[in-house]
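Chemist: sharing a model prediction with you, sequence too.
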Amino acid sequence: MGIFGSFTSKKKERLDQGLSKTKESFFGKLTRAVAGKAKVDDDVLDNLEEVLITSDVGVNTTLKIIERIEQRVAHDKYMGTGELNLILKEEIASLLEENNTEDVDGFDLPNSDNPYVIMVVGVNGVGKTTTIGKLAYRFKEAGKKVVIGAADTFRAAAIEQLEIWAQRVDVPIVKQKMGSDPASVAYDTVASAKSQGADVVIIDTAGRLHNKVNLMNELSKIKRVMQKVVPDAPNEVLLVLDGSTGQNAFEQAKQFTLATEVTALALTKLDGTAKGGVVLGISDQFKIPVKYIGIGEKMEDLQIFRRKEFVDSFFTK
């Protein structure tokens, strides 16, 4: 079990609520796709393909799912549309299981004299600051000492918002004035955390994708200076994506994975959208573990992404 504890019935209930808009949209489309059909035939599969794509599962992942169901239809000779939900659930769960490493309860902190450094990347507006605050809260609730670094120095609002979260969670924050060198802030944060004997450092970074070369250089510089204090920093590079943007989240994932080595994903704002299918597609396509999902505004609404529980909840009406 990871430091964030087991998957309780309360967490399951919150996950069900958080995915409710996605489920309503998905199953509404699925019901229309099989209307008047007794068995799964080519028309049903064509309709199902459209349902998955318009639910932001993504074209490549959709084609994989359809191919798997076609194989089962060919093998079983006859498959009633009433079985489609169960088969779809099984194939999606199977696909996620094959394409990812084992589920880990969030970030698994090793025993070390150095703090565990998490560098957070993502474009402005995706919920990056909120994710950092909620992540800090979860670590603190688990008994860990956390320090936050405000290395997005290009926007005064970013520093102010992070400061508000640090106050809410009651964890220290290292910051400098707007326009300061982001790498300098990151260095000071890691050095301060190490001197305090902190367990976790969470570093915010600027979310500018309009010039990928500058972004790449900046993130590389931040890594280099942190490594002067903690040689293997950052231990994780967490990319935050806004689940409500659907296919745009795919594009952001592609751009950031080209700009830096992303080790984990967090998908936010799933409670306010019908585009939750994006989690399935991104989890499958990028082969980068989805570690966290945001399903509400409360502190505890940043949940660890557990494939089995997510798929179960997705198919629970």
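Modeler: Structure received.
Chemist: tell me where the stretch 151-300 of the chain has strands.
Modeler: 173-174, 200-204, 236-242, 264-268, 290-294 (DSSP state E, counting those that start in this stretch).
Chemist: nearest to Ala74, of these?
Modeler: The closest of the strands of the stretch 151-300 of the chain to Ala74 is strand 290-294. By Cβ to Cβ, the value is 31.5 Å. All C-beta atoms are positioned from the backbone trio N, CA, C, and that covers glycine.
Chemist: so which elements touch the helix or strand following that closest one?
Modeler: Next along the chain after strand 290-294, taking DSSP states H and E as the criterion, comes strand 302-304. Counting contacts by 3 or more Cβ pairs under 8 Å, 6 or more residues apart in numbering; DSSP states H and E, strand 302-304 is packed against helix 9-18, helix 128-141, strand 290-294.
Chemist: and the ones you listed as a markdown table, adding mean pLDDT, mean neighbour count and distance to Glu309?
Modeler: Below are the helices and strands packed on strand 302-304 laid out as a markdown table (pLDDT from 0 to 100; neighbours: other Cβ atoms under 10 Å; distance: least, Cβ to Cβ, whole Å):
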| stretch | mean pLDDT | mean neighbour count | distance to Glu309 |
| --- | --- | --- | --- |
| helix 9-18 | 85 | 16 | 7 |
| helix 128-141 | 95 | 23 | 17 |
| strand 290-294 | 92 | 24 | 10 |
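Chemist: could you redo the ones you listed as a markdown table and give each row distance to Thr263?
Modeler: Converted to a markdown table, the helices and strands packed on strand 302-304 look like this (distance: least, Cβ to Cβ, whole Å):
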| stretch | distance to Thr263 |
| --- | --- |
| helix 9-18 | 24 |
| helix 128-141 | 14 |
| strand 290-294 | 9 |
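Chemist: which of the strands of the stretch 151-300 of the chain sits most buried?
Modeler: strand 200-204 (a mean of 29; mean count of other Cβ atoms under 10 Å).
Chemist: dump that one to PDB, keeping only the CA atoms.
Modeler: C-alpha atoms of strand 200-204 as PDB (Å, rounded to 0.1, in the frame of the first residue of the first chain):
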ATOM      1  CA  VAL A 200       9.200  16.100  -0.600                       C
ATOM      2  CA  VAL A 201       9.900  19.100  -2.800                       C
ATOM      3  CA  ILE A 202       7.200  20.200  -5.400                       C
ATOM      4  CA  ILE A 203       8.500  22.700  -8.000                       C
ATOM      5  CA  ASP A 204       6.100  24.700 -10.100                       C
END
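Chemist: what's the longest helix along the chain in contact with?
Modeler: The longest helix of the chain (DSSP state H) is helix 59-76. With Cβ atoms under 8 Å, 6 or more residues apart in numbering as the test, helix 59-76 has contacts from 40, 45, 48-49, 52-53, 57, 79, 87-88, 91-92, 94-95, 280-281, 284-285.
Chemist: out of the helices and strands packed on strand 302-304, the one nearest Val240 is which?
Modeler: Closest among those, using Cβ to Cβ: helix 128-141, at 4.6 Å.
Chemist: and the next helix or strand past the closest one?
Modeler: strand 146-150.
Chemist: which strands border that next one, and is each parallel or antiparallel?
Modeler: strand 173-174 (parallel), strand 200-204 (parallel) (DSSP bridges).
Chemist: could you check the angle helix 128-141 makes with it?
Modeler: Interaxial angle of strand 146-150 relative to helix 128-141 (axes from the mean of the first three to the mean of the last three Cα atoms, to 10 degrees): 160 degrees.
Chemist: state the mean pLDDT of strand 146-150.
Modeler: Mean pLDDT, strand 146-150: 97.
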